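Visitor: Okay, here's the prediction I keep looking at, along with the sequence it came from:
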Amino acid sequence: MSSPTTSSTSNQTSAVAQAAPSGLQTSEGRTSIADGVVQKIAGLAAREVAGVYEMGGGAARALGALRERIPGSSQSTGQGVSVEVGERQAAIDLDLVTEYGVSIAEVARAVRRNVIGQVEGMTGLQVTEVNIAVNDIHLPTDDAQQPEPARVR
């Protein structure tokens with residue numbers, strides 16, 4: 001008999017949380033936050049976590065490497081991040097590369113915690129989920145620069 005009470009209590013709690021006024025919608029007006037803003041915040045927050053080597057899938061990283069070679073350009077802070085932003089909530093998907101030797105589960109937990117804290121703290125949006133896809137592991141041998149072949153022989 002305690003199960004129905006527990007589920008009805010949790011349903012009431014979630015209904016109250018959804019009906020609670022947000023700092024983004026007040027009697028003085030409404031604040032909307034663009035997807036790109038949340039994307040940048042989430043990207044920077046994910047990069048702050050130890051064990052995260054890089055953000056993005058293979059194609060995004062290749063494009064980023066090309067972008068870095070162009071004078072005056074910079075790495076995109078939103079690379080590897082996609083978001084869906086509603087009036088009060090946001091859902092975030094991250095693609096990342098971890099360092100070899102770190103616990104992927106621990107890195108994912110730390111990234112989730114940091115991203116949720118930063119996005120909720122800076123925007124007032126409730127983060128409903130942070131999905132993480134680890135696409136690669138960075139090996140120490142990956143840093144060894146291979147000399148480019150001479151152009152003229």
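Guide: Yep, that arrived. Predicted, not measured: the structure shown is a model, and the values here were computed from it.
Visitor: Where do the helices of the protein begin and end?
Guide: Using DSSP state H, the helices of the chain run over 2-19, 35-47, 58-69, 104-123.
Visitor: and the last one, what does it pack onto?
Guide: Applying 3 or more Cβ pairs under 8 Å, 6 or more residues apart in numbering; DSSP states H and E, we find helix 104-123 packed against helix 35-47, strand 89-99, strand 126-138. (Each C-beta comes from the backbone N, C-alpha and C, glycine too.)
Visitor: The second one now?
Guide: Secondary structure elements in contact with helix 35-47, counted by 3+ Cβ pairs under 8 Å, 6+ apart, are strand 52-55, strand 81-85, strand 89-99, helix 104-123.
Visitor: Which positions in the third one come out as buried?
Guide: The neighbour-count criterion (16 or more other Cβ atoms under 10 Å) identifies 90, 91, 92, 94, 95, 96, 97, 98, 99 as the buried residues of strand 89-99.
Visitor: For those residues, give me TSV that also has distance to residue 50 and pLDDT.
Guide: TSV is the format used below for the buried residues of strand 89-99 (distance: Cβ to Cβ, whole Å; pLDDT from 0 to 100):
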residue	distance to residue 50	pLDDT
90	24	97
91	25	98
92	20	97
94	16	97
95	18	96
96	13	95
97	14	95
98	10	96
99	8	95
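Visitor: picking up where we left off before, let me know which of the helices and strands packed on helix 104-123 is the nearest to residue 78.
Guide: Residue 78 lies closest to helix 35-47 among these, at 4.0 Å (Cβ to Cβ).
Visitor: And the contacts of the closest one?
Guide: 52, 55, 77-85, 90, 92, 94, 96, 111, 114-115, 117-119, 122-123, 125, 130 (Cβ atoms under 8 Å, 6 or more residues apart in numbering).
Visitor: Can you mark which positions in that helix are buried?
Guide: So for helix 35-47, counting by 16+ other Cβ under 10 Å, buried means 37, 38, 39, 40, 41, 42, 43, 44, 45, 46, 47.
Visitor: Kindly report the same for stretch 117-125.
Guide: Neighbour-count burial for stretch 117-125 [16+ other Cβ under 10 Å]: 118, 119, 123, 125.
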